[in-house]
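In: Following is a predicted model, sequence given first.
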Amino acid sequence: MLSQRILKINPSITVDLTDKLERLQRVGVDIIKLNIGEPDFETPQNIIDAAKKALDNGYTRYTAVSGSLDLREAICRKLIKDNNLKYTHDEIIVTTGAKQALVNTLMTLCNQGDEVILITPCWVSYIEMIKLSEAVPVIVELDSNQDFKLDIDKIKKVITKRTKAILINTPNNPTGAVYKRDELNELGKLAVNNNFYIISDEIYEKLVYDGAKHHSIASLSDEIKQRTITVNGFSKTYAMTGWRLGYAAGNKKIIRAMNNLQGHMTSGANSIAQKAAIEALLGSQDQVSMMVEEYQKRRMYLLNRLNNIDGLDCNDTKGAFYLMPNISKFYGKTLRGRYIKDSMGFADFLLEEAQVAVVPGIAFHAPNTIRIAYCNSLENIKKGIDKIERILNENTNI
Ligand code: PMP
Ligand code: GLU
């Protein structure tokens, strides 16, 4: 009855877990949620005020499919200022979350059977988005022993005549890795020489710590820019997950085609959110700095605690709001009468025995890990890690 296309798509583990936790909380279970990648901060007040004003002024109608001209111009200004990327408004499309920008891009570029290189560990939705576009995901696994460094040699090995694009995400969900300028430059050259596109998801660009720097791959040369679609959004930087707003920047022809698709799927994104987004980009960035400082405190605290627990081993990655400790030393052990077989079993164990929610690494093609999100208060992170430590220390034979 259902289409082959939809039958091939797996549910999102991150989103499903949220539903499961909501059900548990409803029956009174007190859970510390270190699972979802969603800022715990409120949307900054100046952005909320801009939305209220938009409503009061009756800004409640359809906008252009690709987003209001004002917002696209604000995005152009932001891309020049922050990313050294020069685009005009007709090279921008505003979307319902970065998710829609990614799906639009893949649907617009890929034919059935085209290959899209995907670097793992990677965010849950990429593989399903690629399958939805009827392309084939080709996986390149990065090495945690090298801090998940972008391994150009490994990428070279999987390029074929069918390679249509590579999908990258820096700073990275779930590893927290931030790719270096020279690595990105090499990747860019590879794309130019082998004639494939780069889809660059930069939604965590502002969340970098310890002096790490985010680089937009499209800014590295004109040739690379021609082959790159840069995706970004408001969910993480401005704590605007529920507003559902993102965008893509790329060459006119591709953006126009994405516009055609979006015109039939959803039309323009929410008009009120678009007004608020202009304020987000052009207004004060003080709240962003405050959030980044706070994430850094939490990151340092969590990293230190994780690496002091016997059996856990965590990379000191410098971006996004995730850490990804290796937990495989617990595999094959029995904890509180439960045999720990894999990351799913380990995450279930933490949820059921310690009431701490994390995401099993298998969701991100990283089967020896769990992902811990530190976009929760320092107090909750402390409580959660205390509980994790206590329960893991019950096992003395690690
Ligand atoms: N890309 C990455 C890497 C993400 O983690 C997320 C989080 N949901 C998104 C894109 C989508 O963000 P949104 O649709 O909320 O803009
Ligand atoms: N991107 C966030 C996460 O990885 C939000 C959930 C989702 O959309 O996957 O947890």
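Out: Ah, there it is. Ligands and ions are numbered 1, 2, ... in the order given.
In: Just say helix, strand or coil for the residue of the stretch 151-300 of the chain found nearest ligand 2.
Out: Residue of the stretch 151-300 of the chain nearest ligand 2, by CB to the nearest ligand atom: residue 173 (5.3 Å). Backbone N, C-alpha and C define where each C-beta goes, glycine included. Using DSSP: H, G, I helix; E, B strand; the rest coil, the structure places residue 173 in coil.
In: For stretch 271-288, which residues meet the burial criterion?
Out: By neighbour count on 16 or more other CB atoms under 10 Å, the buried set for stretch 271-288 is 271-281, 283, 285, 287-288.
In: What lies in contact with it?
Out: 41, 43-44, 46-51, 53-55, 59-63, 67-68, 70-71, 74-75, 77-78, 94, 206, 234, 237-238, 240, 243-245, 268 (CB atoms under 8 Å, 6 or more residues apart in numbering).
In: let's go with 6 Å and repeat that
Out: If you take CB atoms under 6 Å, 6 or more residues apart in numbering as the criterion, stretch 271-288 is touched by 44, 46-47, 50-51, 54-55, 59, 63, 68, 70-71, 74, 78, 206, 234, 237-238, 243, 245.
In: what's the answer for stretch 111-128, then?
Out: Against stretch 111-128 from outside (CB under 6 Å, 6+ apart): 9-10, 12-14, 130, 134-141, 158, 162-167, 173-175, 363-366.
In: do stretch 226-244 as well
Out: By CB under 6 Å, 6+ apart, stretch 226-244 touches 38-39, 41, 43, 96-98, 101-102, 105, 191, 197-204, 206, 217-218, 245-250, 273, 277, 280, 288.
In: Give me the subset of those that also touch ligand 2.
Out: Here is what survives when these are matched to ligand 2 using CB under 6 Å from any ligand atom: residue 38.
In: so where do the helices sit in the chain?
Out: Secondary structure of the chain (DSSP state H): helices at 4-7, 13-26, 45-56, 69-83, 97-109, 124-132, 152-158, 181-194, 222-226, 252-265, 271-282, 286-307, 343-354, 378-393.
In: so which of those helices is the most packed in?
Out: Mean neighbour count (mean count of other CB atoms under 10 Å) peaks for helix 97-109 among the helices of the chain, with a mean of 24.
In: thinking again about what came up before, just put the helices of the chain in TSV and tack on mean pLDDT.
Out: TSV is the format used below for these (pLDDT from 0 to 100):
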stretch	mean pLDDT
helix 4-7	91
helix 13-26	85
helix 45-56	98
helix 69-83	98
helix 97-109	98
helix 124-132	96
helix 152-158	96
helix 181-194	98
helix 222-226	98
helix 252-265	98
helix 271-282	98
helix 286-307	98
helix 343-354	94
helix 378-393	96
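In: Ok, which of those helices comes nearest residue 323?
Out: Checking the helices of the chain against residue 323 by CB to CB gives helix 286-307 as the closest, at 5.8 Å.
In: Now do the closest one and helix 271-282, the angle between them.
Out: In terms of direction (axes from the mean of the first three to the mean of the last three CA atoms, to 10 degrees), helix 286-307 departs from helix 271-282 by 80 degrees.
In: angle of helix 286-307 against helix 45-56?
Out: Using the same axes, to 10 degrees: helix 286-307 against helix 45-56 is 130 degrees.
In: can you list contacts of stretch 58-70?
Out: Taking CB under 6 Å, 6+ apart as the rule, stretch 58-70 contacts 93, 94, 259, 262, 263, 267, 268, 271, 274, 275, 278.
In: closest to ligand 1 among these?
Out: residue 94 (11.3 Å).
In: What separation is there between the closest one and residue 58?
Out: Residue 94 is 20 Å from residue 58, where distance means CB to CB, to the nearest Å.
In: Tell me which of those two has more neighbours.
Out: Neighbours per residue, other CB atoms under 10 Å: of residue 94 and residue 58, the larger number sits with residue 94, 27 against 7.
In: Spit out the contact partners of the more buried one.
Out: By CB under 6 Å, 6+ apart, the residues touching residue 94 are 67, 71, 247, 269.
In: and the third one, how many neighbours?
Out: Burial measure for residue 247: 26 neighbouring residues, criterion other CB under 10 Å.
In: Also the last one?
Out: With neighbours defined by other CB under 10 Å, the count for residue 269 comes to 27.
In: picking that back up, what about the contacts of stretch 111-128, which are in strands?
Out: 136, 137, 138, 139, 140, 141, 163, 164, 165, 166, 167 (DSSP state E).
In: List only buried entries from those.
Out: The neighbour-count test (16+ other CB under 10 Å) marks 136, 137, 138, 140, 163, 164, 165, 166, 167 as buried among the ones in strands among the contacts of stretch 111-128.
In: Just send those residues back as a markdown table, with pLDDT and distance to residue 314 too.
Out: Below are those laid out as a markdown table (pLDDT from 0 to 100; distance: CB to CB, whole Å):
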| residue | pLDDT | distance to residue 314 |
| --- | --- | --- |
| 136 | 97 | 33 |
| 137 | 97 | 27 |
| 138 | 98 | 28 |
| 140 | 97 | 22 |
| 163 | 98 | 33 |
| 164 | 98 | 35 |
| 165 | 98 | 31 |
| 166 | 98 | 27 |
| 167 | 98 | 25 |
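In: Which positions in this structure make contact with ligand 1?
Out: So the chain meets ligand 1 at 37, 97-99, 123, 169, 173, 201, 203, 233, 235, 241, 246 (CB under 6 Å from any ligand atom).
In: Alongside ligand 2, which residues does the protein contribute?
Out: Taking CB under 6 Å from any ligand atom, the part of the chain that reaches ligand 2 is made up of 12, 14, 15, 36, 37, 38, 123, 124, 125, 173.
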